[in-house]
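[1] No sequence on hand, only this structure:
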């Protein structure tokens, strides 16, 4: 990617005071560099491994408690 304003030390047609020489034309317009507006942040994954692990752990704990209650009430 190039910048719109070239380095004065490497621009053709400039003299030692970094001005254009008599009768020389300035360089063409630099154009637009990059994007015109910031892009929105990327959307992350909705369910990471920790969230799924916690849900499974809670489901197993509730199942164990329900099975324990059934055994206690039937005995």
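    Right, received. Where do you want to start? Note that this is a predicted model, so its numbers are computed, not measured. Residues are numbered from 1 along each chain as shown.

[2] quick one: pLDDT of residue 9?
    The score at residue 9 is 63. That number is its pLDDT.

[3] and what of the one 4 residues further on?
    Residue 13 carries a pLDDT value of 65.

[4] Quick one: low-confidence residue ranges for the protein.
    For the chain, the stretches flagged by pLDDT under 70 are 1-14, 21, 23-35.

[5] now do 80
    For the chain, the stretches with pLDDT under 80 are 1-39, 43-47, 75.

[6] Which residue ranges of it form helices?
    Using DSSP state H, the helices of the chain run over residues 49-74.

[7] residues near residue 67, how many?
    Look at residue 67: counted by other C-beta atoms under 10 Å, it has 10 neighbours. Any C-beta I mention is one placed from the backbone N, CA and C, and that applies to glycine too.

[8] Check residue 20 too.
    Counted with other C-beta under 10 Å, the neighbours of residue 20 add up to 14.

[9] Report the buried residues of stretch 48-67.
    Buried residues in stretch 48-67, defined by neighbour count with 16 or more other C-beta atoms under 10 Å: none.

[10] residues in contact with that stretch?
    Taking contacts as C-beta atoms under 8 Å, 6 or more residues apart in numbering, no residue outside stretch 48-67 touches it.

[11] at 10 Å instead, please
    Stretch 48-67 is touched from outside by 45, 47, with contacts defined as C-beta atoms under 10 Å, 6 or more residues apart in numbering.

[12] What's the separation between residue 73 and residue 66?
    Distance, residue 73 to residue 66, by C-beta to C-beta, to the nearest Å: 11 Å.
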